[in-house]
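In: below is the structure, and that's it, no one-letter string:
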């Protein structure tokens, strides 16, 4: 038993020693083990240096002054006589077109046929004066018709005034007859002398009738002026005439008011004398007075008959002139409709003649000397009036190209700077010069468009990579381009900071926000919380973030 216990204690002792040794080794190499799990980074110093202001970009070569070959009609292309790159002289055939009329010309001819048919049908269906048809074909202005209608309206107004006057006279004589008949019926058969009272009463009636007639005349004058103002106001540039008529209307209204006052006055006078007459009649009458009244009644009836005949004549004259105007208006309506149809024929005919004159015929030829730089239609396709069929680069004219850069890049360039093309050994006799610097419409505040003139052995549509500007500028803080990072908060660098520990140095990636002042193909000049000679991370084996431990590449 003693021997077994001794062996057991030795085994435990040995195991404890091995455990302690392993623990010591793990503790000693813990940092080394951890380092192998960290991202490995490459770094470079932040230091002063120079940045080349050379600006690089690419663009597509375009014709500097292209000539677009176009036709103003839709025609089918029969065949194409040239290829892209062919040189042509003025008058050389570029396209052969189908002999068929263009789509536009066919449509115009169809419109003309329809317009002519509509006009011919309308001409057969109208029954109006030949002179009016002639006026319609001469395209007489609407003002001509308006002037004649205005004349009719004035004649109708004058005739209506005469009818109204005749009607008033008939009414007055009817009232006079009624009054006489009433007077005769109520006059007693006695011997009272009413001669004076009858004379006074007759005078009062006459003065009242005269006042009423005067009022009617004034009212008709007002109506006539109002009608004239309405007619004249419709005529352009007629302000002076309208103003004069309005002044006359003011005076006519004043005269009408005075006439109304006069009628009221004489009506009261008649009433007063009628009462006096009635009072005298109550005391007696004579046969002579009745005879006089009957005599007046006969005269009044004769005058009424005359006035009624006059009224009939005046009404017939009014009806006649009104009928003439209505007939003329009807004819004018037909004539104006006919005129519209006739004008449609003329317009359609002019359009056909215009398209026939502008037709390109069966050949489309070059208008200038140059080189075919583009063919936009092929045999079997149709032309249109909006797109060029082909593009000719004029003889001796250069090409252009452009691309957009930042406003800061544009500041170091000037018009006239010469540019060099990448892989210049591939091109022969190529000259590229900066022609203008203009704001970029997509972002005028922050971007500029560089426009270049290109001459030499180059073709339209060719893409060129070029660089322009050679000036170097010194800066205090310069870093490799791959050291500059960017996120939603802006651009920054990851600086490596060293932290000491009992087990050795540790390296931490720290964020430093910066502003990029300038840059070239390899380096960027920055501004930020840096002093120079700091280590900044350029590459890493794993993605890293600020605050993360890293290990330096050996």
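Out: Nice, thanks for sending it over. What you see is a predicted model; the values in this text were computed from it and never measured. Numbering: from 1, shown residues only.

In: who are the packing partners of the host helix or strand of residue 242?
Out: Using DSSP states H and E, residue 242 maps to helix 239-281. When contacts are defined as 3 or more C-beta pairs under 8 Å, 6 or more residues apart in numbering; DSSP states H and E, helix 239-281 sits against helix 195-233. For every residue, glycine as well, the C-beta is placed using N, CA and C.

In: what's the angle between the helix it packs on and helix 239-281?
Out: Relative orientation of helix 195-233 versus helix 239-281 (axes from the mean of the first three to the mean of the last three C-alpha atoms, to 10 degrees): 160 degrees.

In: buried ones in helix 195-233?
Out: In terms of neighbour count (16 or more other C-beta atoms under 10 Å), helix 195-233 has its buried residues at 197-198, 200-202, 204-205, 207-209, 211-221, 224-225, 227-229, 231-232.

In: by contact count, what packs against it?
Out: So helix 195-233, by 3+ C-beta pairs under 8 Å, 6+ apart, packs with helix 142-186, helix 239-281, helix 287-358.

In: relative to residue 90, which of the ones you listed is closest?
Out: Distance to residue 90, taken as C-beta to C-beta, is lowest for helix 287-358 among those, at 19.8 Å.

In: my read is residue 452 is in a strand, agree?
Out: Yes: per DSSP: H, G, I helix; E, B strand; the rest coil, residue 452 lies within a strand segment.

In: how far does the helix or strand encompassing residue 433 sit from its chain's centre?
Out: Per DSSP H and E, residue 433 falls inside strand 430-439. Offset of strand 430-439 from its chain centre (C-alpha atoms, centre = their mean, to the nearest Å): 37 Å.

In: that strand pairs with which strands, parallel or anti?
Out: Here strand 430-439 has these sheet partners by DSSP bridges: strand 418-421 (antiparallel), strand 447-456 (antiparallel).

In: which of those strands sits most buried?
Out: strand 447-456 (a mean of 19; mean count of other C-beta atoms under 10 Å).

In: buried stuff in the next helix or strand after it?
Out: Moving toward the C-terminus from strand 447-456, the next helix or strand (DSSP H and E) is strand 463-468. Buried residues in strand 463-468, defined by neighbour count with 16+ other C-beta under 10 Å: 464, 466-468.

In: hey, which strand is longest across the protein?
Out: In the chain, taking DSSP state E as the definition, the longest strand is strand 504-519.

In: any idea of the angle the very next helix or strand once past that one forms with strand 504-519?
Out: Note on strand 504-519: by DSSP H and E, the next helix or strand toward the C-terminus is strand 523-528. Orientation of strand 523-528 against strand 504-519 (the same axes, to 10 degrees) gives an angle of 110 degrees.

In: relative to strand 523-528, how tilted is the helix or strand that strand 523-528 is followed by?
Out: Counting by DSSP H and E, the next helix or strand C-terminal to strand 523-528 is strand 535-540. Between strand 535-540 and strand 523-528, the angle comes out at 130 degrees (the same axes, to 10 degrees).

In: report the distance from the helix or strand just after strand 535-540 to the chain centre.
Out: Once the chain leaves strand 535-540, the next helix or strand it forms, by DSSP H and E, is strand 549-552. Centroid separation for strand 549-552 versus its chain: 66 Å, with C-alpha atoms, centre = their mean.

In: let me know the average pLDDT across strand 549-552.
Out: Mean pLDDT, strand 549-552: 90.

In: please apply the same query to stretch 261-279.
Out: Here the average pLDDT along stretch 261-279 is 80.

In: try stretch 45-60
Out: pLDDT averaged over stretch 45-60 gives 86.

In: figure out the length between the terminal residues of it.
Out: End-to-end distance of stretch 45-60 (C-alpha to C-alpha, to the nearest Å): 40 Å.

In: buried residues of it, list them for me.
Out: 46, 51-57, 59.

In: just these now: which is nearest residue 544?
Out: residue 46 (18.0 Å).

In: who's in contact with the closest one?
Out: Each residue near residue 46 by C-beta atoms under 8 Å, 6 or more residues apart in numbering is listed here: 477-479, 493, 530, 532-534, 536.

In: returning to what we had before: redo the strands paired with strand 430-439 as a markdown table? Include distance to residue 429.
Out: A markdown table is the format used below for the strands paired with strand 430-439 (distance: least, C-beta to C-beta, whole Å):
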| stretch | distance to residue 429 |
| --- | --- |
| strand 418-421 | 12 |
| strand 447-456 | 4 |
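
In: how close does residue 94 get to residue 368?
Out: 11 Å (C-beta to C-beta, to the nearest Å).

In: so these two - more neighbours on which side?
Out: Shown here are residue 94 and residue 368; by other C-beta atoms under 10 Å, residue 94 has more neighbours (20 against 14).

In: and the more buried one, what element?
Out: Per DSSP H and E: strand 93-97 holds residue 94.

In: can you check residue 479 too?
Out: Using DSSP H and E, residue 479 sits within strand 472-480.

In: who does that strand pair up with?
Out: strand 47-52 (antiparallel), strand 523-528 (antiparallel).

In: so residue 404 touches residue 438, yeah?
Out: No: at 10.1 Å, residue 404 and residue 438 do not qualify as touching, with contact defined as C-beta atoms under 8 Å.

In: tell me, what's touching these two both at once?
Out: With C-beta under 8 Å, 6+ apart, residue 404 and residue 438 have common neighbours 448-449.

In: which of these two has more neighbours?
Out: Higher neighbour count among residue 404 and residue 438: residue 404, with 16 against 12, using other C-beta under 10 Å.

In: please name the residues that touch the more buried one.
Out: For residue 404, the contacting residues are 57, 440, 442, 447-450, by C-beta under 8 Å, 6+ apart.

In: how about residue 467?
Out: Residue 467 touches 54-56, 419-420, 422, counting by C-beta under 8 Å, 6+ apart.

In: nearest to residue 16 among the residues you listed?
Out: Nearest to residue 16 among those, with distances taken as C-beta to C-beta, is residue 56, at 70.4 Å.

In: so the closest one bridges to which residues?
Out: residue 467.

In: measure it to residue 521 for me?
Out: Going from residue 56 to residue 521 by C-beta to C-beta gives 7 Å.
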